[in-house]
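Undergrad: just to be clear, the model below is a prediction. Sequence and coordinates:
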Amino acid sequence: MYDCETTEMGEAKKKQQRHRRVMQAANGCIYCAGRRRAEQVDHMPPRMMFRLGQRPKGLEFPSCGPCNQGTSRLDVAASFMARTFPGIATSADSAEWDKVMSEVHRVAPDLLREMWIPPHEMRQAMWSEGIFDRNFAAFRADGPIMGAYMQAFAAKIGFALHYEATGNFVPPEGRVQVRWFTSSEVYGGRLPPSLFASIGTPRIMQQGKITSQGNFEYGWGTYLESPDVPLYYARVREAFAAAAFVVLDEGSLPFPEGELATFAPGDLVMPLSDRITAG
């Protein structure tokens, strides 16, 4: 006989053990280079990014309270972006969309105002991309508020995957440079071929029969044009993708600051700004 309650208790115990191992291995928060003690386990990508909350185990990281709470707004914005393409397909998707929209209204109301475009302009934008299905919608994804959120979320991916790959956080003198790609770039197959040549075959998360296939993939490798620079990659559905270049000292940046958004450890809790267009 299948005992659902016993199974849930067993899963909860496994989760506690897994989190305990994450904390025991920690030398401090991975997002601020250990300036503060790791007190919490951060799930990167967040659970709310997955349909029905079915997030496989793994990619769990030691974080301090300020960095975990301070970056939660990035998780909300990225989870909203994750649901914009290919969009709502079921009543369950619709219910989750409402929940995410409510959170975006709470933490980033200016983002929604920036993204809105009139219906006739929306259709023209979609037609220019060869999308004629009226079940789809379009929005503005090139504004400075969107840029600020997605650049910071891409940097969070870089900090997290660097720790996953190396077991070490980015040091205080290190930097993360990022580039994020919109749904039109992902769906249109316009991601740079050199990106995939650098990371090889992307990985997925898996827990039994639950996988992130089609929802979240990630990988890492060496940036072909700068062999000393690790490159980290993540793609969320066909909604967006991110590339993060990590260096251990500021003098080794592969791109000038301002050409790509650049983050130091601890920056993710600072006031958001578009680091490419600002100034």
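TA: Structure's in. What do you need?

Undergrad: could you report the neighbour count for the closest residue in space to F255 that isn't next to it in sequence?
TA: Distances taken as CB to CB, 6 or more residues apart in numbering place Q177 nearest to F255, at 5.7 Å, with adjacent residues excluded. Where you see a C-beta, it was placed from the backbone N, CA and C, and this is true even at glycine. When counting by other CB atoms under 10 Å, one arrives at 26 neighbours for Q177.

Undergrad: got the confidence number for Q177?
TA: At Q177, the predicted lDDT confidence score is 98.

Undergrad: do the same with E114
TA: Per-residue confidence (pLDDT) for E114: 90.

Undergrad: in this structure it contacts A141, no?
TA: No: taking contacts as CB atoms under 8 Å, E114 lies outside contact range of A141: 9.6 Å.

Undergrad: assumed the residue nearest to F255 was part of a strand.
TA: Yes: Q177: assigned to a strand according to DSSP: H, G, I helix; E, B strand; the rest coil.

Undergrad: what bridges to it?
TA: Bridge pairing for Q177 (DSSP bridges) gives the partners F245, T262.

Undergrad: host element of A152?
TA: helix 144-166 (DSSP states H and E).

Undergrad: could you list the buried residues of that helix?
TA: Buried residues in helix 144-166, counted by 16 or more other CB atoms under 10 Å: 145-164.

Undergrad: and if you look at stretch 39-48?
TA: Using 16+ other CB under 10 Å as the test for burial, stretch 39-48 gives Q40, V41, D42, H43, M44, P45, P46, M48.

Undergrad: among those, which ones are in strands?
TA: Q40, V41, D42, H43 (DSSP state E).

Undergrad: closest to C67 among these?
TA: D42 (7.6 Å; CB to CB).

Undergrad: and the closest one, how close does it get to C64?
TA: To C64, D42 is 9 Å away according to CB to CB, to the nearest Å.

Undergrad: what is in contact with those two at once?
TA: Shared contacts of D42 and C64, defined by CB atoms under 8 Å, 6 or more residues apart in numbering, are found at Y31.

Undergrad: average model confidence for the host helix or strand of A12?
TA: Assigned by DSSP H and E, A12 belongs to helix 4-24. On average, the pLDDT along helix 4-24 is 76.
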